[in-house]
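>>> Take a look and give me a structure for this.
(chains A and B)
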2 protein chains.
Amino acid sequence: MHSNLWIEERYKDFYGMRYKVENVLYSKKTEFQTVDVVETKGHGKMLLNDGLVMVTERDEIAYHDMIAHVPLFVHPNPKNVLVIGGGDGGTAREVLRHSSVEKCTMVEIDGAVCEACMEFIPQTAEVLKGHPKLDLIIGDGVKFVQEFQATNEKFDVIIIDSTDPIGPAAPLFGPEFYTNVNKCLADNGIVVSQGESPWFEAEIQKSMLGVLNDIFKNIFIYNFSNLTYPGGLWSFTFATKGDIHPINDFRKEAVAASGLEFSYYNEGLHQAAFYLPTFMKKNLEGLIQNP
Amino acid sequence: MHSNLWIEERYKDFYGMRYKVENVLYSKKTEFQTVDVVETKGHGKMLLNDGLVMVTERDEIAYHDMIAHVPLFVHPNPKNVLVIGGGDGGTAREVLRHSSVEKCTMVEIDGAVCEACMEFIPQTAEVLKGHPKLDLIIGDGVKFVQEFQATNEKFDVIIIDSTDPIGPAAPLFGPEFYTNVNKCLADNGIVVSQGESPWFEAEIQKSMLGVLNDIFKNIFIYNFSNLTYPGGLWSFTFATKGDIHPINDFRKEAVAASGLEFSYYNEGLHQAAFYLPTFMKKNLEGLIQNP
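All right, here's what the predicted structure looks like:
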């Protein structure tokens, strides 16, 4: 244990979030980024990519519940799911709890993230060590969707579990990528993406939703709240190829019927998440179809 | 402007939130606490009591919208409103926007908070400089409700806009105080109180709701999200003397009819705020009547 070691995530030049660190468990400079795992005093084990907090044991369930279960309980019968990114494994873990899912393909660009999490954060990454329905590919998600469209397979749900639009994740926010994502999607498919901070990154949200609007039919955005992303409140975008609606087509009864237990997600919260603060509604006017 | 000045709020011994400070505007050790106002680079002017962030210009509207408009749009005709605490003025400001309100009594224990905010944060405190319907009392809220019950007057809505249950606000979390609050409340009255962090202060929430359950008829809790309270997600408790219900009796049409504009609050969010994450529902089981 270190006596007075802290790690700080800086947001721009005016805000910092600091966590007391008990132990530094992993640190590697990869081809794509710096990957760190530390053990914190208050938030359990923590993964950082380029110094930004990605996942902590204390609150990862909020993010993973909301990125996975919202689309999977809206799609009528999700069998084939693609996760781009999500190297900590938490999203795949939640996807694979759905009994309808026959195959989950996960494409993570940086094998070191999976490696670090499998060793030090099994809470999220245990599933990556081997699951009969999981196809884990270490590779570039951008190239994957480009090449995949030549096959006959389509995905019912595609989840873009990316970092911020800087570094290796930048192309995951552009129109070329989403055009290819759309081509990989089944007719009633849904794409959910990590959607940044409504308080701090309103401009990124607008630009992302603009891209989605040019390619997909119906666009929504929904919120959740965790402990470790700047500002707490965070968004996911929800884009559809057909007319499926995240509230009207929500398979509410399926939640209880699934027998699954959730620490964060539930039926009421699923719907509530689509009701936005006024400043956010105004900022995104014309770009979303939220109620 | 200072070259490298930061202010940090520490949560326990494991988490810190740091803000870049441009100028220190006010600092006073009062009988009750230390009161500081600083100008930050990213969050505008900021009020701190005993080093804890109370209000910033950037996000205060989330807190003040949700503490004031939720009860005022549920009560059928709120005329007489009491605010305990709320020295920055933001809660009184929002209460006084309701045309039904004939009188808002505000009881703040520490005059220095009002003084500092009137001088440096007029965004919230302008109203304290004088409003025909505002009765601003610098005094002890605990004593106020003890003495007030001898009068014939009753309040339709009482708002406890307090700091954390340490220092001068500690008695505002106890049964004696709420017994007296109940006696000051009209038959269909509502009491809304600052309700702490669902992620970090689950035990305080349980104890607070336990106190409310012994005294009031129906108890609810609702959430909002701001930038400057640890964890972002934060709660208000909603307790009733009669059978009034925060969703079923919500005067939804009155929101648009009021002609008021809100940066955070809206009809959808009012209702969504009562749908809680599962961990919170489980922790508060038996203590709340949320849907």
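
>>> What segments of chain A are strands?
Taking DSSP state E, the strands of chain A run over residues A:5-11, A:15-29, A:34-40, A:45-49, A:52-56, A:80-85, A:103-108, A:134-138, A:155-161, A:185-194, A:218-225, A:233-240.

>>> Return the set of residues that bridge with residue A:107.
residue A:84, residue A:137 (DSSP bridges).

>>> Who are the contact partners of it?
Going by Cβ atoms under 8 Å, 6 or more residues apart in numbering or on different chains, residue A:107 touches A:82-85, A:137, A:139-141, A:144. (Glycine included, C-beta is placed from N, CA and C.)

>>> Would you mind checking those residues for buried ones?
Neighbour counting with 16 or more other Cβ atoms under 10 Å in any protein chain shown marks A:82-85, A:140-141, A:144 as buried within the contacts of residue A:107.

>>> ok, so of those, who is nearest residue B:122?
Nearest to residue B:122, judged by Cβ to Cβ, of the buried ones among the contacts of residue A:107 is residue A:85 at 45.3 Å.

>>> I'd like to know how far the closest one sits from residue A:32.
To residue A:32, residue A:85 is 11 Å away according to Cβ to Cβ, to the nearest Å.

>>> okay, and the common contacts of those two?
For the pair residue A:85 and residue A:32, residues contacting each of them under the criterion Cβ under 8 Å, 6+ apart are residue A:109.

>>> So which bits of the stretch 151-291 of chain A are right by chain B?
Of all the residues in the stretch 151-291 of chain A, those in contact range of chain B (Cβ under 8 Å from any Cβ of the partner chain) are A:199-200, A:223, A:225-227, A:231-233, A:262-266, A:268-269, A:271-273, A:275-279, A:281, A:291.

>>> switch to 10 Å and redo it
Proximity of the stretch 151-291 of chain A to chain B is confined to A:197-200, A:223-234, A:261-282, A:290-291 under the rule Cβ under 10 Å from any Cβ of the partner chain.

>>> Could I get the contacting residues of the residue positioned nearest the centre of chain A?
Centrality entry for chain A: nearest residue to the mean C-alpha point is residue A:161, 3.1 Å, by Cα atoms, centre = their mean. Listed by Cβ atoms under 10 Å, 6 or more residues apart in numbering or on different chains, the contact set of residue A:161 reads A:54, A:63-64, A:67-68, A:83-88, A:90-92, A:106, A:108, A:141, A:169, A:172, A:192-194, A:236.

>>> Residue A:285 - how many residues pack around it?
9 (other Cβ atoms under 10 Å in any protein chain shown).

>>> Neighbours of whichever residue of the stretch 101-250 of chain A sits closest to chain B, how many?
Using Cβ to the nearest Cβ, residue A:232 is the residue of the stretch 101-250 of chain A that sits closest to chain B, at 1.4 Å. Residues contacting residue A:232 under the criterion other Cβ under 10 Å number 26.

>>> Emit the PyMOL select command for whichever of the residues of the stretch 151-291 of chain A next to chain B are buried.
In PyMOL, a selection of the buried entries from these looks like this (16+ other Cβ under 10 Å):
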select buried, chain A and resi 197+198+199+200+223+224+225+226+227+228+229+230+231+232+233+234+262+263+264+265+266+267+268+269+270+271+272+273+274+275+276+277+278+279+280+281+290
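
>>> Sitting in helices, which of the residues of the stretch 151-291 of chain A next to chain B do you find?
With helices taken from DSSP state H, the overlap with those comprises A:267-272, A:278-282.

>>> okay, the residues you listed in JSON lines with distance to residue B:9 next?
What follows is these, written out as JSON lines (distance: Cβ to Cβ, whole Å):
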{"residue": "A:267", "distance to residue B:9": "35"}
{"residue": "A:268", "distance to residue B:9": "32"}
{"residue": "A:269", "distance to residue B:9": "28"}
{"residue": "A:270", "distance to residue B:9": "33"}
{"residue": "A:271", "distance to residue B:9": "34"}
{"residue": "A:272", "distance to residue B:9": "28"}
{"residue": "A:278", "distance to residue B:9": "27"}
{"residue": "A:279", "distance to residue B:9": "24"}
{"residue": "A:280", "distance to residue B:9": "25"}
{"residue": "A:281", "distance to residue B:9": "30"}
{"residue": "A:282", "distance to residue B:9": "29"}
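
>>> Distance across stretch A:211-224, terminal residue to terminal residue?
As for stretch A:211-224, its first-to-last residue distance stands at 22 Å under the measure Cα to Cα, to the nearest Å.

>>> Quick check: end-to-end length of stretch A:248-264?
Distances were taken as Cα to Cα; on that basis the terminal residues of stretch A:248-264 are 21 Å apart.

>>> List the contacts of the residue lying closest to residue A:38 once chain neighbours are set aside.
Residue nearest to residue A:38 in three dimensions, not counting chain neighbours: residue A:21, with 4.8 Å by Cβ to Cβ, 6 or more residues apart in numbering or on different chains. In this structure, residue A:21 makes contact with A:1-2, A:4-7, A:36, A:38-41, A:46, B:14, judged by Cβ under 10 Å, 6+ apart.

>>> so which of the residues you listed is the most crowded?
When the contacts of residue A:21 are compared by neighbour count (other Cβ under 10 Å), residue A:46 ends up highest, at 26 neighbours.

>>> Hmm, that residue is touching residue A:54, no?
Yes: the pair residue A:46 and residue A:54 passes the contact test of Cβ atoms under 10 Å, sitting 8.1 Å apart.

>>> Between the two, which contacts overlap?
By the contact definition Cβ under 10 Å, 6+ apart, residue A:46 and residue A:54 are jointly contacted by A:36-37, A:60, A:121, A:228.

>>> Serialize these to JSON lines and add fields for pLDDT.
Listed next are the shared contacts of residue A:46 and residue A:54 as JSON lines, based on pLDDT from 0 to 100:
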{"residue": "A:36", "pLDDT": "98"}
{"residue": "A:37", "pLDDT": "98"}
{"residue": "A:60", "pLDDT": "98"}
{"residue": "A:121", "pLDDT": "98"}
{"residue": "A:228", "pLDDT": "96"}
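
>>> now the end-to-end length of stretch A:39-59.
End-to-end distance (Cα to Cα), stretch A:39-59: 14 Å.

>>> and it, average pLDDT?
For stretch A:39-59, mean pLDDT rounds to 97.

>>> Pull out the buried positions in it.
Buried positions in stretch A:39-59, judged by neighbour count with 16+ other Cβ under 10 Å: A:39-43, A:45-50, A:52-59.

>>> when you check chain B, which of those turn up near it?
Within the set of these, contact with chain B (Cβ under 10 Å from any Cβ) is found for A:40-43, A:58-59.

>>> What score does residue A:1 have for pLDDT?
Residue A:1 is assigned a predicted lDDT (pLDDT) of 62.

>>> Oh, that last question was meant for residue A:193, not what I typed.
At residue A:193, the pLDDT value in this model is 97.

>>> so what's it up against?
A:67, A:84-85, A:158-162, A:172-173, A:178, A:181, A:208, A:211-212, A:221, A:235-239.

>>> Could you export the strands of chain A as CSV, including distance to residue A:254?
Putting the strands of chain A into CSV (distance: least, Cβ to Cβ, whole Å) gives the following:
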stretch, distance to residue A:254
strand A:5-11, 37
strand A:15-29, 37
strand A:34-40, 35
strand A:45-49, 31
strand A:52-56, 27
strand A:80-85, 16
strand A:103-108, 18
strand A:134-138, 22
strand A:155-161, 14
strand A:185-194, 15
strand A:218-225, 18
strand A:233-240, 17
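
>>> Could you point out which of these sits nearest residue B:25?
Taking the strands of chain A one by one with Cβ to Cβ, strand A:15-29 is closest: 19.1 Å.

>>> quick check: angle from the closest one to strand B:15-29?
Here strand A:15-29 runs at 150 degrees with respect to strand B:15-29, directions being taken by axes from the mean of the first three to the mean of the last three Cα atoms, to 10 degrees.
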